[in-house]
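Engineer: structure here, sequence nowhere to be found:
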């Protein structure tokens, strides 16, 4: 039986760790019988903590502002990804645009139901279904639908847009709210763009949009203003931002300064397994796996898989603890499959640094960064490539 040791990435703690391992195990075993997934939960023993409760953090700081790229120079897919990045930070951004600049809908005949009332009724009916219509995006749909129904921008947006486009806009807002909440919570499982869009279609139809494709005109209109949205000021206080980002950033700093314990734990786990063994590491987990396999032979391991990992970049920049550029990979390091998402700014290439030793494979989740960095494990292509390379 092949053992697949899964090494998680930065910031992962319980209960997210168990959910992540369950998803990885399901994704792999569904594609090949006889696999045993063995998790290495280094976050519990070695992960960073704010030992003094964060007393080093100032209580306030200036605002941080995001700057959008010139929409005219962007690839359409990149433009869409940039728009989603903005929506994850502010799910109501499109509502504001529609209310302020939207293309007016048809005039309402005398005595007809106000569009805002229809929209609120549709959202209330959606909320009554609970979270099931968007289960793939995580919990919170019912609450999000109630909040959207009571949002002050819903009325002006309803007046500006026809019902079909309003339904799509509302569905996009709800999806962005759920994924944005998951990102804020540090979830290691972010759905792919394809899954997100399928849920949006389902919700939009529930809210009254015609089947697929009705959103095309609205989407292109909003994409033309993506740059304006992305350049809106986003104010965040330093303390909540640092506290939210700390586990991930702290884990990296802790590993680079005290990584031996991380590697010893993984080595001890692997030594106790019967071959064949594959080691799969996400993000920092890929660095831990790579460093461990470089530091000394582990003959049980026949495959290394790094996913969205910074190992190649650390090596090229002279920061990889176990190997300094331009030294080659030791001959005992096993076959290395390196999966990366082109939009994941934390995924790097290894084949050019280690010719003939690394296979780089692109996998596209359809998500912008940073969502792309957490969307690997909901992407079926990732599991397909891993299983294809297993012994």
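Structural biologist: Yep, it's here. Bear in mind that the values here come from a model prediction, so they are computed numbers and not experimental data.
Engineer: helix or strand right after the helix or strand encompassing residue 165?
Structural biologist: Residue 165 is located in helix 163-184, with elements delineated by DSSP states H and E. Counting by DSSP H and E, the next helix or strand C-terminal to helix 163-184 is helix 193-206.
Engineer: who does that following helix touch, helix- and strand-wise?
Structural biologist: Where contact means 3 or more CB pairs under 8 Å, 6 or more residues apart in numbering; DSSP states H and E, helix 193-206 is packed against helix 76-89, helix 115-127, helix 163-184. (Each C-beta comes from the backbone N, C-alpha and C, glycine too.)
Engineer: which of these sits closest to residue 14?
Structural biologist: helix 163-184 (16.1 Å; CB to CB).
Engineer: which residues belonging to the closest one are considered buried?
Structural biologist: Buried residues in helix 163-184, counted by 16 or more other CB atoms under 10 Å: 163-183.
Engineer: could you do stretch 287-296 as well?
Structural biologist: Quick answer for stretch 287-296 (16+ other CB under 10 Å): 287-295.
Engineer: list the contacts of stretch 24-43.
Structural biologist: For stretch 24-43, the external contacting residues (CB atoms under 8 Å, 6 or more residues apart in numbering) are 1-8, 11-13, 17, 21, 247, 251, 262, 265-266, 269, 273, 280, 285, 288, 377, 380, 382-384, 386-387, 390.
Engineer: buried ones only from those residues, please, as a PyMOL command.
Structural biologist: Restricted to buried positions by 16+ other CB under 10 Å, the PyMOL selection for the contacts of stretch 24-43 reads:
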select buried, resi 2+3+4+5+6+7+8+11+12+13+17+21+247+251+262+265+266+269+273+280+285+288+377+382+383+386+387+390
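Engineer: so which of the contacts of stretch 24-43 sit within helices?
Structural biologist: 17, 21, 247, 251, 262, 265-266, 269, 285, 288, 380, 382-384, 386-387 (DSSP state H).
Engineer: closest to residue 208 out of these?
Structural biologist: Among the ones in helices among the contacts of stretch 24-43, residue 380 lies closest to residue 208 (CB to CB), at 31.0 Å.
Engineer: for the closest one, give me its contacts.
Structural biologist: The contact partners of residue 380, by CB under 8 Å, 6+ apart, come to residue 27.
Engineer: how does it look with 10 Å?
Structural biologist: 27, 30-31, 192, 194-195, 363 (CB atoms under 10 Å, 6 or more residues apart in numbering).
Engineer: so, low pLDDT: which residues of the stretch 201-350 of the chain?
Structural biologist: For the stretch 201-350 of the chain, the stretches with pLDDT under 70 are 212-248.
Engineer: what segments of it are helices?
Structural biologist: Taking DSSP state H, counting those that start in this stretch as the criterion, the stretch 201-350 of the chain contains helices spanning 216-223, 226-230, 238-258, 260-271, 284-295, 311-316.
Engineer: count the neighbours of the closest residue to residue 13 other than its chain neighbours for me.
Structural biologist: Of all residues not flanking residue 13 in the chain, residue 43 sits nearest, at 5.3 Å (CB to CB, 6 or more residues apart in numbering). A total of 22 residues lie near residue 43 under the criterion other CB atoms under 10 Å.
Engineer: roughly how far apart are residue 43 and residue 335?
Structural biologist: Relative to residue 335, residue 43 is positioned 27 Å away (CB to CB, to the nearest Å).
Engineer: circling back to that earlier point, okay if I get the helices and strands packed on helix 193-206 as a markdown table plus mean pLDDT and distance to residue 55?
Structural biologist: Output for the helices and strands packed on helix 193-206, formatted as a markdown table (pLDDT from 0 to 100; distance: least, CB to CB, whole Å):
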| stretch | mean pLDDT | distance to residue 55 |
| --- | --- | --- |
| helix 76-89 | 79 | 28 |
| helix 115-127 | 92 | 41 |
| helix 163-184 | 93 | 23 |
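Engineer: just put the ones you listed in CSV and tack on distance to residue 140.
Structural biologist: Shown next, in CSV, are those (distance: least, CB to CB, whole Å):
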stretch, distance to residue 140
helix 76-89, 14
helix 115-127, 11
helix 163-184, 5
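Engineer: closest to residue 370 out of the ones you listed?
Structural biologist: For residue 370, the closest of the helices and strands packed on helix 193-206 is helix 163-184, at 6.9 Å, according to CB to CB.
Engineer: distance from the chain centre to that closest one, please.
Structural biologist: Chain-centre distance of helix 163-184: 16 Å, with CA atoms, centre = their mean, to the nearest Å.
Engineer: can you check stretch 144-163 too?
Structural biologist: 27 Å.
Engineer: what's the answer for stretch 85-92, then?
Structural biologist: Centroid separation for stretch 85-92 versus its chain: 14 Å, with CA atoms, centre = their mean.
Engineer: and for stretch 362-371?
Structural biologist: Centre-to-centre, stretch 362-371 and its host chain are 7 Å apart (CA atoms, centre = their mean).
Engineer: buried ones in that stretch?
Structural biologist: With burial defined by 16+ other CB under 10 Å, the residues of stretch 362-371 counted as buried are 363-368, 370-371.
Engineer: what's the average pLDDT for it?
Structural biologist: Stretch 362-371 shows a mean pLDDT of 94.
Engineer: for stretch 42-58, same thing?
Structural biologist: Computed over stretch 42-58, the mean pLDDT rounds to 80.
Engineer: ok, now stretch 4-15?
Structural biologist: If you average the pLDDT values across stretch 4-15, you get 94.
Engineer: start and end of that stretch, how far apart?
Structural biologist: 21 Å (CA to CA, to the nearest Å).
Engineer: go on, stretch 8-25?
Structural biologist: End-to-end distance of stretch 8-25 (CA to CA): 13 Å.
Engineer: tell me the gap between it and the middle of its chain.
Structural biologist: With CA atoms, centre = their mean, you get 13 Å for stretch 8-25.
Engineer: over to stretch 361-376?
Structural biologist: Its chain's average C-alpha position is 6 Å from that of stretch 361-376, according to CA atoms, centre = their mean.
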